[in-house]
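Q: Below: sequence and its predicted model.
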Amino acid sequence: MITKIKETTSIKLQVVADVKNGKETYATVTFSGINKSLSDDDINELGNGIAELQERPLSNLTRLDSAQLLNG
């Protein structure tokens, strides 16, 4: 049986850092320590709320769930 340990959730915000010759470049900011029980809707609301505090426009929001798997 497999056991999950060290379950973590983070969100990654990708923002437009610059536009040159019509080509966008991006910067990424990751926030860790997010409650893993939050729904995807909650994560989206949280990420968009944080994005509103940024000077640059949000391009992409990613939820990252990870865990270490142990053979039991």
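A: Perfect, I can see it now.

Q: From start to finish, how long is stretch 30-40 in a straight line?
A: 16 Å (C-alpha to C-alpha, to the nearest Å).

Q: mind listing what's buried in that stretch?
A: Under the neighbour-count criterion of 16 or more other C-beta atoms under 10 Å, stretch 30-40 has I34 buried. All C-beta atoms are positioned from the backbone trio N, CA, C, and that covers glycine.

Q: What lies in contact with it?
A: 7-13, 43, 46, 50, 63-65 (C-beta atoms under 8 Å, 6 or more residues apart in numbering).

Q: all helices for this protein, in order.
A: With helices called from DSSP state H, the chain shows them at 40-52.

Q: Give me the most central residue, it.
A: I11 (1.9 Å; C-alpha atoms, centre = their mean).

Q: What's the separation between D18 and R56?
A: From D18 across to R56, the span is 9 Å (C-beta to C-beta, to the nearest Å).

Q: Quick check on those two: which one has the bigger neighbour count.
A: Neighbour tally, D18 and R56, criterion other C-beta atoms under 10 Å: the higher count belongs to R56, 15 against 10.

Q: Report pLDDT for the more buried one.
A: R56 is assigned 93 on the pLDDT scale.

Q: you'd agree it is up against A17?
A: Yes. Taking C-beta atoms under 8 Å as the definition, R56 is a contact partner of A17 at 6.3 Å.

Q: what touches both of the two?
A: Common contact partners of R56 and A17 (C-beta under 8 Å, 6+ apart): A27.

Q: Identify the single longest strand in the protein, thanks.
A: For the chain, the longest strand by residue count, based on DSSP state E, is strand 2-20.
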